[in-house]
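Trainee: One predicted model, sequence on top.
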Amino acid sequence: MNKTPELLPCPFCGSTATLYHTNDNHHSPFVVCDGAIRTDGQPPCYVQIQPWRYKTDEEAIAAWNRRAKPASD
C-alpha cells in the first residue's frame, strides 16, 4: 500500500496546506494554503498550485513540496 506524501507548510506564510480536487469530470488534484483564514493578525495568504495541471495526488503534492523550503535552525 502506497502512503501519500506529507504536504510541507506554505513557503510564504508557514501555514498548513490541504489537497483538494476540482469539482468537474477530471477531479484534478491541487494544493491550497490554509492561511486564507488567519487568526494571528497577519494578512491572509491565498497561495495555491494551479488546478488541472497534475493528474495524480502525488504529482500535485510533489509540486507543492518543491516550492516549500522549511526554515533551518
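Mentor: Yep, that arrived.

Trainee: For the helix or strand of the chain with the lowest mean pLDDT, buried residues please.
Mentor: Across the helices and strands of the chain, mean confidence by mean pLDDT, DSSP states H and E is lowest for helix 57-67: a mean of 90. Neighbour counts over helix 57-67 (16 or more other C-beta atoms under 10 Å) mark A60, I61, A63, W64, N65 as buried. Placement of C-beta: from N, CA and C, glycine included.

Trainee: for the closest residue to Q42 other than its chain neighbours, helix, strand, or coil?
Mentor: Nearest in space to Q42, with sequence neighbours left out and distances taken as C-beta to C-beta, 6 or more residues apart in numbering, is C13 at 6.8 Å. The assignment at C13 comes out as coil when based on DSSP: H, G, I helix; E, B strand; the rest coil.

Trainee: hang on, the earlier thing: which other helices and strands contact the least confident helix or strand of the chain?
Mentor: strand 17-21, strand 29-33 (3 or more C-beta pairs under 8 Å, 6 or more residues apart in numbering; DSSP states H and E).

Trainee: if you set the cut-off to 6 Å instead, what comes out?
Mentor: Judged by 3 or more C-beta pairs under 6 Å, 6 or more residues apart in numbering; DSSP states H and E, the packing partners of helix 57-67 are strand 29-33.

Trainee: Show me the residue at the heart of this structure, geometrically.
Mentor: In the chain, the centroid-proximal residue (C-alpha atoms, centre = their mean) is V31; its distance is 3.1 Å.
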